[in-house]
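> got a sequence here, can you build the structure:
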Amino acid sequence: MPLSQPAQPAGTGAAEEAGPPAPATAATGQQALPDRIAALLRRHWLITVLAVAGLLLRFASELAYRPALIYVDSLKYLYGASPGADPLGYKAVLALGNLEVVVLLQHLLGIAVALLIYAVVLRRGASRWLAALAAVPVLLDAYQVQMEQTIMPDVWFDAMIVGGLAVLLWRPALTVPFAAAGGLILGTSATVRDVGELLIVPALVYVIVAAGGWRRVIDLGGALVLAFALPILCYCGVSAINTGHFWLARAQSTSGRLSAAADCATLKLPADVRPLCPTPSEQAHGPDWLEHTKLSPLHAAAIPPGANRNALINTLDSAVEHQQPGRVVAAIARDSVRLFALTRDQVGSVTPIARWQFQNHYAVYPPWVNLGKNHAIIVGVQKQAFSGFQFRKLGRAQVDRPVAAFLRSYQLGGGYTPGPLLALFTLAGVIGSVMALIRRAGSPRSRQLALACLLFTVTAVAMLLVPDVLEFSWRYQLPALITLPPAGVLGFSAIRSARRARSESHGERVIATSDVAWVPGAGAESPDSA
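Okay, here's the model as predicted:
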């Protein structure tokens, strides 16, 4: 079945054109599958070439760094560091095998996500070359490949997002079973990263706009919400049994963001709170440093005897929120547009981008990740913030330096999705989403494209803007690769389809109003001569 076509009803379409079936023989049976595969690859040659290039990049990553790249947050899933900081659904993946097996699965999953994006965009009516464009960032972006090589849940989280959206969009008309299946996948993503709880918003927006009547909205929306809530409630129930907390994870603090944005010179604060407000030089380190470093005034400033530091921090947060909301909004806005910059440069106020870049050596993060004797990976596990470390050995680091140098050169030399291109995708996605909200805009094909564009665009807003409210990190920009390119391609295709439909409609009106029935001939009179 071609990827760009919906399933044909039995007894119609392609089945009739094919004529009577050939006699079944062992020889024809053996040849049929290879021939079909060869025809499929020829038809979709562009995405095939891109997928092969993506596989080669991932093979190089596997060769360059063994057994895997370990980041500070990897210890949460490997050893239970900082309990309650994040959901632990990723531990189920780690149980599948050793680190090299997990990384291999993550690379294969990255390829699968790209192919699924291609298939969904194609099925909604975009051309093959545009559908391939939507999948290119996932296949060839070095930041995506680097994350797949790292023991982190982000690749699985993104895969669940694409999987859930694909189910919701797979058929032109959403049905209750597909709404429930999509909701279940999206809800499960929240057990990997708790920001997945927000995915119910774009899914419901899509249902409301696409359903076509409040009765269907209630049926589809009810199935979606119930299925979405099921894995979250199950996880929270298990958490309550094991820890006494009915949660996915602890609520994320906004103290770093608020204190980084504050103008402490004009902020009205109680005397015991003022020492916690950072100086400009301390604010230059950014929200992440202020939130998590023991040198931050939030954690290191002297407080009166008997005072509760958390209560003082809450007072500071409240003062910034109520007295200087404009500064907070401006700081979030500045961070939200960093994704669209022409180049990716290090900025002192954000988490170092080098953490998400390939290195010529095995990356370490003292005291959490170090290399010991014979390149043994030594990790330091903290059960609580600013507590003592328990050091453990985690395999032996091996780096193929020439391959690592190639990957680093590729990444730093432009092997990532350019910010201006992402901005164009965003613009087209916004226009396509507006078209989806205008129910009579365009042809049925353009509406199908616009509805899919709406779902991807709203998902992008939820997954990119909300993390920026807490702190900017290039890690949290990774969902841009799975949402903005499909949104842009679908939006552009919807615009082009609508323009084509208007042009054809205009041509039909011209023909309908012209005097095509009167043909002058011998002895004939013009209608105007009477």
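
> my guess is residue 431 meets residue 496, correct?
No. Contact criterion Cβ atoms under 8 Å: residue 431 and residue 496 do not qualify, at 11.3 Å. For every residue, glycine as well, the C-beta is placed using N, CA and C.

> and stretch 180-187, what's buried?
Under the neighbour-count criterion of 16 or more other Cβ atoms under 10 Å, stretch 180-187 has 180, 181, 182, 183, 184, 185, 186, 187 buried.

> tell me which of the residues you listed is nearest to residue 337?
The closest of those to residue 337 turns out to be residue 186 (Cβ to Cβ; 27.0 Å).

> let me see the contact set for that closest one.
By Cβ atoms under 8 Å, 6 or more residues apart in numbering, the contact list for residue 186 reads 160, 161, 164, 165, 196, 199, 200, 203, 228.

> is the residue lying closest to it once chain neighbours are set aside in a helix, a strand, or coil?
Once flanking residues are discounted, residue 186 sits nearest to residue 164: 3.7 Å by Cβ to Cβ, 6 or more residues apart in numbering. Using DSSP: H, G, I helix; E, B strand; the rest coil, the structure places residue 164 in helix.

> any idea how far residue 164 is from residue 344?
As for residue 164, its distance to residue 344 is 29 Å (criterion: Cβ to Cβ, to the nearest Å).

> same question for residue 361.
The spacing between residue 361 and residue 344, counted by Cβ to Cβ, is 20 Å.

> neighbour count winner among these two?
A count of neighbours by other Cβ atoms under 10 Å puts residue 344 above the other of residue 361 and residue 344, at 20 against 12.

> hang on, residue 53 packs against residue 141?
No. Using Cβ under 8 Å, residue 53 is not in contact with residue 141, being 11.7 Å away.

> okay, the two: which has more neighbours?
In this view residue 53 and residue 141 are compared by other Cβ under 10 Å, and residue 141 has more residues nearby, 22 against 13.

> per-residue confidence at that one?
Residue 141 is assigned a pLDDT of 98 by the prediction.

> pretty sure it contacts residue 416?
Yes. Contact criterion Cβ under 8 Å: residue 141 and residue 416 qualify, at 5.1 Å.

> can you pull the contacts of residue 330?
With contacts defined as Cβ under 8 Å, 6+ apart, the neighbours of residue 330 are residue 261.

> measure it to residue 278 for me?
From residue 330 across to residue 278, the span is 17 Å (Cβ to Cβ).

> just residue 130 next, same as before
Here the criterion is Cβ to Cβ. By it, residue 130 lies 47 Å from residue 278.

> which one's more surrounded, these two?
Neighbours were counted for residue 130 and for residue 278 using other Cβ under 10 Å; residue 278 has more, 22 against 19.

> what's the local residue count around residue 149?
By the measure other Cβ under 10 Å, the count of residues near residue 149 is 24.

> same question, residue 178
Residue 178: 18 surrounding residues under other Cβ under 10 Å.

> remind me which helix or strand it belongs to.
Using DSSP states H and E, the element containing residue 178 is helix 176-189.

> tell me which other helices or strands the helix or strand that comes right after that helix touches.
Next helix or strand after helix 176-189 toward the C-terminus (DSSP H and E): helix 200-211. If you count contacts as 3 or more Cβ pairs under 8 Å, 6 or more residues apart in numbering; DSSP states H and E, helix 200-211 packs onto helix 154-169, helix 176-189, helix 214-243, helix 419-437, helix 444-470.

> let's test this: mean pLDDT of helix 200-211, rounded?
pLDDT averaged over helix 200-211 gives 96.

> starting at the chain centroid, how far to it?
18 Å (Cα atoms, centre = their mean, to the nearest Å).

> how about stretch 451-464?
10 Å.

> you'd agree residue 483 is up against residue 456?
Yes. When contacts are counted by Cβ under 8 Å, residue 483 is listed as touching residue 456 (5.2 Å).

> which among the contacts of residue 186 gets closest to residue 292?
Minimum separation from residue 292 among the contacts of residue 186 (Cβ to Cβ) is found for residue 196, which lies at 22.3 Å.

> what about the closest residue to residue 142 other than its chain neighbours, neighbour count?
Nearest-residue entry for residue 142: residue 411, 3.5 Å, with adjacent residues in sequence omitted and distances by Cβ to Cβ, 6+ apart. Residues lying near residue 411 (other Cβ under 10 Å) number 20.

> same question for residue 156.
Residue 156: 22 surrounding residues under other Cβ under 10 Å.

> hang on, isn't it packed against residue 105?
No. Counting by Cβ under 8 Å, residue 105 is not a contact partner of residue 156; they are 9.1 Å apart.

> overlap in contacts of the two?
Counting by Cβ under 8 Å, 6+ apart, the residues touching both residue 156 and residue 105 are residue 93.

> contacts only, for residue 97.
residue 105.

> separation between it and residue 68?
Per Cβ to Cβ, residue 97 is found 11 Å from residue 68.

> with residue 167 instead?
For residue 167, the distance to residue 68 equals 30 Å [Cβ to Cβ].

> any chance of CSV for the contacts of residue 186, columns distance to residue 310?
As requested, the contacts of residue 186 are exported to CSV (distance: Cβ to Cβ, whole Å):
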residue, distance to residue 310
160, 34
161, 34
164, 36
165, 39
196, 27
199, 30
200, 30
203, 35
228, 33
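
> for those residues, which one is nearest residue 305?
Of all those, residue 196 has the smallest distance to residue 305: 42.8 Å, by Cβ to Cβ.

> thought the closest one was touching residue 160?
Yes. Between residue 196 and residue 160 there is a contact under Cβ under 8 Å: 7.3 Å.

> find the residues that touch each one of these two.
Taking Cβ under 8 Å, 6+ apart as the contact rule, the neighbours common to residue 196 and residue 160 are 186, 189.

> next, residue 285: secondary structure please.
Under the three-state scheme (three-state DSSP), residue 285 adopts coil.

> please disregard the earlier target; I meant residue 392.
Here residue 392 is strand, with the state taken from three-state DSSP.

> hey, what's it bridged with?
Under DSSP bridges, the beta-bridge partners of residue 392 are residue 379.

> so what's it up against?
Neighbouring residues of residue 392 by Cβ under 8 Å, 6+ apart: 79, 378, 379, 381.

> identify, from the residues you listed, the entry nearest to residue 49.
Nearest to residue 49 among these, with distances taken as Cβ to Cβ, is residue 379, at 39.8 Å.

> count the neighbours of the closest one for me.
Residue 379 has 23 neighbouring residues, counting by other Cβ under 10 Å.

> what's the answer for residue 427, then?
Neighbour count for residue 427, taken as other Cβ under 10 Å: 13.

> same thing with residue 494?
Using other Cβ under 10 Å, residue 494 has 34 other residues around it.
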